[in-house]
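*Asks:* need coordinates for the below:
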Amino acid sequence: MIQKFANIFEIPDLRKRVLFMLGALAIFRVGAAVPIPGINGDAIRAVFEAQKNSLLGFLDIFSGGAMSQFSIFSMGVMPYINASIIMSLLQGAHVIPYLDRLHKEGELGRRKLNSLTRYLTLFLAAFQSFGLTIAVSKMPTPGNIPVVSNPTWDFYVVTVLTLTAGTIFVMWLGEQMTEQGVGNGISLIIFAGIVDRMPSAIRNLIQLVHLEEVGLLQALFLVAALVAVVISVVWVETAQRKIPVQYAKRVIGRKMYGGAQSYLPLKVDQSGVIAVIFAVSLLAVPVTIVQFTPSVAWAQKIMEFWSGGNWIYQVLYAGLIIFFCYFYNSVSINPVDLAENMKKSGGFIPGIRPGEPTAKHIEWVLERVTLGGALFVAAIAVLPDLLRQKFNVPFYFGGTSLLIVVGVALDTMGQLEAHLIMRHYEGFLKKGRIQGRWFNVGAQ
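*Replies:* Residues are numbered from 1 along each chain as shown. The predicted model follows:
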């Protein structure tokens, strides 16, 4: 295995991509540690420590701890993700004909859509930065220590501009990682922020065991449960439903073509981590809105509801994940196009007539496969709160974080695998298990 990883650095192009990716992640981690002037770091860290098991604490994990330090990258990639959701929903619902035309124009249309997404990101970043700045300046803290020592208009203007510029830079950095690195840049930035918190979580668990606040058997049970969840996530993320495809024999000139058997691979969890990230981003919208008036009674009730400790929140979260799993499939997979392309190349599904019956069969299989994957992802996502409520787990066991980490790791490994095999190097996995298995979960 060490030799297989060493092969990465023997290929000049792949070595350049990997080093660029690592350098970009290092830049992001440095920026996440640079605080904005005028902030009482101890006071805001105390607030997030008290809210570590709420949605606010989870958003801090998404930003790699930047939000709890109120650094220049506090907003992270959330405005960009929200903008991508809005653009995807507008395209999927066919609300704006202009967006539909751009979607069908190929590469040129994709570039225009990306530009519109960036402009929308700029607007959302400015809006959310202003709300976050207002909330921080009025945020109640343990001991009533003010987070902002001198909240003047100069502080508001400079902070909003800094947070907005930080979000735009992180968005640009993620796009550069996608183009010049390995894997999806935005997903890797979220991945880096989550992984950065794992050593401290392990250290906290060891300290709890040492202080006898957690029994050794309980700790071993939690570790075993974590390993079991990781194995199940890997199994589902790589699972496929293979639809057999038969190609008819055709005589062209003096040669005979076709007659081969193949299959159409449909992943159980086609959306990967995209559905989870979209659901969390959408749940963060009410939190952003109430930040403008955090001391009002109705705003406090919304924050209490959005803390994630009630079953309505869990059902809503799971429902959004299931919805985005189906929505992503509807955008990325078109059964009609698949059936038409199959018919043009002389292929057919045994027992199914070509054309519309084939499209309906593919859609029928896709809907049922997606349901199983969506229910699994939703179950893993709500696991943390269930553990805290039923088993009184004394630390944050992040099912959603685990889904993102495993999903992004599998996607990145798959792309490295493709680069190695393309250049006739031995990959990380056994031969014969790569074709049709790996997809770019962040590409759209």
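
*Asks:* I194 against I61, yeah?
*Replies:* Yes: judged on CB atoms under 8 Å, I194 makes contact with I61 at a distance of 5.8 Å. Just so you know, the C-beta spots here come from the backbone N, C-alpha and C atoms, and that holds for glycine as well.

*Asks:* and those two? which has more neighbours close in?
*Replies:* Per other CB atoms under 10 Å, whichever of I194 and I61 has more neighbours is I61, with 22 against 18.

*Asks:* so which helix or strand takes in that one?
*Replies:* helix 55-62 (DSSP states H and E).

*Asks:* check N82 too.
*Replies:* Taking DSSP H and E as the criterion, N82 maps to helix 78-92.

*Asks:* so what secondary structure elements neighbour that helix?
*Replies:* Counting contacts by 3 or more CB pairs under 8 Å, 6 or more residues apart in numbering; DSSP states H and E, helix 78-92 is packed against helix 97-103, helix 107-137, helix 153-180, helix 274-290, helix 311-332.

*Asks:* relative to helix 78-92, how tilted is the longest one?
*Replies:* It refers to helix 107-137. What separates the directions of helix 107-137 and helix 78-92 is an angle of 140 degrees, with axes from the mean of the first three to the mean of the last three CA atoms, to 10 degrees.

*Asks:* so what does helix 107-137 touch, helix or strand wise?
*Replies:* So helix 107-137, by 3+ CB pairs under 8 Å, 6+ apart, packs with helix 78-92, helix 97-103, helix 153-180, helix 274-290.

*Asks:* what average pLDDT does the last one get?
*Replies:* It stands for helix 274-290. Helix 274-290 carries an average pLDDT of 79.

*Asks:* swap in the third one?
*Replies:* On average, the pLDDT along helix 153-180 is 90.

*Asks:* next helix or strand past it?
*Replies:* Using DSSP H and E, the first helix or strand after helix 153-180 is helix 185-195.

*Asks:* list the buried residues in that following helix.
*Replies:* Across helix 185-195, burial judged by 16 or more other CB atoms under 10 Å covers G185, I186, S187, L188, I189, I190, F191, A192, G193, I194, V195.

*Asks:* same check on stretch 237-247?
*Replies:* Residues E237, T238, A239, R241, I243, V245, Q246, Y247 are the ones in stretch 237-247 that count as buried (16+ other CB under 10 Å).

*Asks:* just the ones of those in helices?
*Replies:* In this view, those that belong to helices under DSSP state H are E237, T238.

*Asks:* can you lay out the buried residues of stretch 237-247 as JSON lines showing pLDDT?
*Replies:* Output for the buried residues of stretch 237-247, formatted as JSON lines (pLDDT from 0 to 100):
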{"residue": "E237", "pLDDT": "83"}
{"residue": "T238", "pLDDT": "85"}
{"residue": "A239", "pLDDT": "87"}
{"residue": "R241", "pLDDT": "88"}
{"residue": "I243", "pLDDT": "88"}
{"residue": "V245", "pLDDT": "87"}
{"residue": "Q246", "pLDDT": "83"}
{"residue": "Y247", "pLDDT": "79"}
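
*Asks:* redo the buried residues of stretch 237-247 as a markdown table? Include distance to F155.
*Replies:* Below are the buried residues of stretch 237-247 laid out as a markdown table (distance: CB to CB, whole Å):
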| residue | distance to F155 |
| --- | --- |
| E237 | 45 |
| T238 | 49 |
| A239 | 51 |
| R241 | 55 |
| I243 | 59 |
| V245 | 63 |
| Q246 | 69 |
| Y247 | 67 |
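
*Asks:* which one of the buried residues of stretch 237-247 is nearest L366?
*Replies:* Taking CB to CB as the measure, L366 lies nearest R241 of the buried residues of stretch 237-247, at 8.3 Å.

*Asks:* wait, what's in contact with the closest one?
*Replies:* Going by CB atoms under 8 Å, 6 or more residues apart in numbering, R241 touches P265, L266, K267, V268, V365, V369.

*Asks:* restricted to strands, list those.
*Replies:* If you go by DSSP state E, those have P265, L266, K267 in strands.

*Asks:* of those residues, just the buried ones, PyMOL syntax please.
*Replies:* If you want just the buried ones from those in PyMOL, going by 16+ other CB under 10 Å, the selection is:
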select buried, resi 266+267
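
*Asks:* still on that earlier bit, any idea which of the buried residues of helix 185-195 is closest to A32?
*Replies:* Among the buried residues of helix 185-195, G193 lies closest to A32 (CB to CB), at 7.3 Å.

*Asks:* not counting its neighbours along the chain, what's nearest that closest one?
*Replies:* In space, and not counting its chain neighbours, G193 is closest to G64: 2.7 Å by CB to CB, 6 or more residues apart in numbering.

*Asks:* that neighbour belongs to a helix?
*Replies:* No: counting by DSSP: H, G, I helix; E, B strand; the rest coil, G64 falls outside a helix, being coil.

*Asks:* would you agree it is in contact with F28?
*Replies:* Yes: proximity of G64 to F28 meets the contact threshold set by CB under 8 Å, at 7.3 Å.

*Asks:* these two: which has the busier surroundings?
*Replies:* G64 (27 against 24).

*Asks:* name the residues that touch stretch 345-362?
*Replies:* With CB under 8 Å, 6+ apart, stretch 345-362 has contacts from 243-248, 250, 258, 262, 264, 266, 335-336, 338-340, 342-343.

*Asks:* run the last query once more with 6 Å
*Replies:* Contacts to stretch 345-362, defined as CB atoms under 6 Å, 6 or more residues apart in numbering, come from residues P244, V245, Q246, Y247, A248, R250, G258, P335, V336, L338, A339, K343.

*Asks:* quick check: the fourth one vs M342, distance?
*Replies:* Think Y247. 9 Å (CB to CB, to the nearest Å).

*Asks:* if we can go back for a sec, make JSON lines out of the ones in strands among the contacts of R241 and add distance to L14 and pLDDT.
*Replies:* Below are those laid out as JSON lines (distance: CB to CB, whole Å; pLDDT from 0 to 100):
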{"residue": "P265", "distance to L14": "25", "pLDDT": "88"}
{"residue": "L266", "distance to L14": "29", "pLDDT": "87"}
{"residue": "K267", "distance to L14": "25", "pLDDT": "88"}
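
*Asks:* between the ones in strands among the contacts of R241, which is nearest L116?
*Replies:* Nearest to L116 among the ones in strands among the contacts of R241: K267, at 28.7 Å, using CB to CB.

*Asks:* having no further points to raise, I will conclude here.
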